[in-house]
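# Just need the structure, nothing else, for what follows:
(one chain, ligands or ions: 1)
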Amino acid sequence: MSGRTAHHAAHCLARHHQHFVPVRALTRRHAAAFSFLPTAASPRRRRRLLLPGCPLPRVMVAMNTKDPADEVPTNRVPHLPWMRHPVDIDSFSGYPVTTLPRLDPRLAAAVQRIGIESFFPVQVATWLETVGPGAFQRDICINSPTGSGKTLAYALPIVQMLSTRKVRCLRALVVLPTRDLALQVKEVFDAIAPAVGLTVASAVGQSSIADEISVLIRKSKQGLYPTLDEEFVEMEPQTQVDILVATPGRLMDHINMTKGFSLEHLQYLVVDETDRMLREAYQSWLPTVIQFTRSTNQDHLRLDTAGKTLLHPFTTIRRSGVERGFKGKCFPRLAKIVCSATLTQDPSKLSQLELHHPLLLNSGKKRYRIPTKLESYKLVCTSNLKPLCLIVLLQELRGEKCLVFTSSVESSNRLSTLLGFFEDLPFKFSEFSRLQRESARRKTLAAFKEGEIDVLIGTDIMARGIHIDGLKYVINYDMPPYVKTYIHRAGRTARAGESGSCFTFLRKHEVKTFDKMLKKADDSSCSLRSLPEESIESLRPTFSIALKKLEESLQPEASKKSNSGDKVPGGSKRKRTKQM
Ligand SMILES: Nc1ncnc2c1ncn2[C@@H]1O[C@H](COP(=O)(O)OP(=O)(O)OP(=O)(O)O)[C@@H](O)[C@H]1O
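Numbers count the residues shown, from 1 in each chain. This next block holds a predicted model:
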């Protein structure tokens, strides 16, 4: 079978599978499999046999599965062609701040003021594709480990690109899944943007919507200067910030309800924690944002007395054209940066972003990577001894900052209630739950950051993006269900080149699954950790008493439930009261 025919056949097959099959991989791998096609058949007939709509011969499927090349799991080869040849972030090394080409000296000084002396590889790689020779010609997708510095990697180029803007209006939008994360990212922008005269605001629901509006929207000049042409005033950009960091919910509130809030002039869109953002629709915020930045509203074009178009000085004109390879897309386009430590490779999800000639920046050759200085340990014990083993482990960690992840809010609540029945524990702990009030949660997190609390017990709400200085240990009290969960949980430690350890409690039957999971995360260093028997034994009597107390404390709740006859499984209201 000629290479050309094999390629074409693979192409057709790919079309048959709606582009979900890696065409090039197929050409190489399945050339042998295509040999079932009658050798005497003309190339045309062979092609016809593989045309879309033509049912795939069963024999072919069987032959494909026997192909030795298929021993490599298919998920190793990204389906999207542009993902197969990424820029390797690891091929860059750190770069001293003062020597980064084209970096505005004011920004260099601002970055140094926050204690950064040299840029991390992901920051250098992104800079080269944006401010450097890449010149933002393509949309950037960053897949880089937790704590590798992705926030500054996108914040710095955006701030530098906007530093020459003449009129203040909303030009960059950064969207994150949670309020805590958004506020953390805003801090990074706040540290550098004012150095070049840019303003940053957040729309996360931390303050009332009225307060947010007063920061976001400029007061009308009409009131101040009644002689001004009203129409002219209305056309003036009304947003008075350059960069907005938002959560999808509050962003949609402003899009739908805030008078004067406009995305018309938006130049940069960042979607951080992309895989999480694309998993949930969040009131269709993404299509809405893209739609609002797609074409110029013709109302903004005014006509003079001769019927000629008069451009309002503050109008951003986006045209659809065929020039410069835009093929009917808008120009100037909305440049996008998407990033995560576990970037999705799912074409159907990524297509929502409408990326323009996307370029993948990837750390190494593997899909997932854990931080280089992360050490992993597994502790095998039975379920009933797990709380006891946790206490012994925490005692061994000697009051160092530590995050404990459980599988559910109930489990967190029960565990912290149980620990509360132990007297004289040598560490201070607190629960961190989605069901707590926002203000309570913020207080707890602040106390943890300040070192007033040593151990936080919570769910995966703490797993994404949160940065806590000096956090050395992460404990998976319950095994993470997916490799992505493991990566994000473990990634709360060993950040920014620091070292850290992740401990995972496992039951015997979970060990195999966990080992497989670690392989996917490219972590081959996980060793078995044992705990001193005598420490466990010495705590047993207190443990039995604490367990009894826990049972007693849960009983009134249980009896309340049975009396009320509330049979709703996991009955949300009642369950929540208990979890609080
Ligand atoms: N060049 C640098 N030098 C020293 N520290 C840095 C540098 N860049 C970033 N940091 C610090 O590294 C920490 C982690 O950065 P950041 O939160 O951006 O990581 P991330 O890659 O976004 O992680 P995650 O995927 O978990 O969100 C932050 O505390 C940040 O201040």
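
# switch to C-alpha atoms for all contacts and neighbour counts from now on
Will do.

# Could you pick out the residues of the stretch 351-500 of the chain near the ligand for me?
The stretch 351-500 of the chain comes close to the ligand at residues 465, 467, 491, 495-496, as judged by CA under 6 Å from any ligand atom.

# from those, which two are the most distant?
The largest separation in these, counting by CA to CA, is between Gly465 and Ala496 at 12.6 Å.

# Tell me which of the two has more neighbours.
Gly465 (26 against 15; other CA atoms under 10 Å).

# Can you tell me the closest non-neighbouring residue to the more buried one?
Leu181 (6.3 Å; CA to CA, 6 or more residues apart in numbering).

# That neighbour: helix or strand, and which one exactly?
helix 179-192 (DSSP states H and E).

# List the contacts of the most centrally placed residue in the chain.
The structure's the chain has its C-alpha centroid closest to Glu273; by CA atoms, centre = their mean the separation is 1.0 Å. Going by CA atoms under 8 Å, 6 or more residues apart in numbering, Glu273 touches 176-177, 338-341, 343, 464-465.

# before we move on, what about Thr444?
For Thr444, the contacting residues are 430, 432, by CA under 8 Å, 6+ apart.

# Would you mind listing the buried residues in the helix or strand containing it?
Per DSSP H and E, Thr444 falls inside helix 438-450. Using 16 or more other CA atoms under 10 Å as the burial criterion, the residues of helix 438-450 that qualify are 441, 444-445, 448-449.

# just for this protein, where's the confidence low?
Counting by pLDDT under 70, the chain contains low-confidence ranges at 1-76, 220-237, 295-331, 556-580.

# For Ser416, see how far away Ile391 is.
For Ile391, the distance to Ser416 (CA to CA, to the nearest Å) stands at 11 Å.

# what's the neighbour count on the residue of the stretch 201-350 of the chain found nearest the ligand?
For the stretch 201-350 of the chain, the nearest residue to the ligand under the criterion CA to the nearest ligand atom is Ala341, separated by 4.9 Å. Number of residues near Ala341 (other CA under 10 Å) recorded here: 29.

# for it, what are its contacts?
Ala341 makes contact with 143-146, 273, 368-369, 487-488, according to CA under 8 Å, 6+ apart.

# Cys169: which of these is nearest?
Of all these, Cys169 sits closest to Glu273, with 25.5 Å by CA to CA.

# so Ala201, which of the three states?
Three-state call for Ala201 (DSSP: H, G, I helix; E, B strand; the rest coil): strand.

# Show residues contacting stretch 419-438.
With CA under 8 Å, 6+ apart as the criterion, stretch 419-438 contacts 394-395, 398-399, 409, 412-413, 416, 441, 444-445, 452-459, 461, 542-543, 546, 549-550, 576, 579-580.

# For the stretch 101-250 of the chain, which residues are neighbours of the ligand?
116, 118-120, 145-152.

# in the stretch 101-250 of the chain, which spans are strands?
In the stretch 101-250 of the chain, the strands defined using DSSP state E, counting those that start in this stretch lie at 118-119, 140-143, 172-175, 200-203, 243-246.

# What is the neighbour count of Pro481?
Pro481 has 12 neighbours, counted by other CA under 10 Å.

# no wait, Ser208
Residues near Ser208, counting by other CA under 10 Å: 10.

# same deal with the one 10 residues further on?
Counted by other CA under 10 Å, the residues lying close to Arg218 total 17.

# Give the full set of residues in contact with it.
238-240.

# for Ile114, same thing?
By CA under 8 Å, 6+ apart, the residues touching Ile114 are Ala191.

# Can you report phi and psi for it?
Backbone torsions of Ile114, given as degrees, to the nearest 10, read phi -90, psi 20.

# Number the residues from 48 up from this point.
With 48 as the first residue, the last one maps to Ile161.
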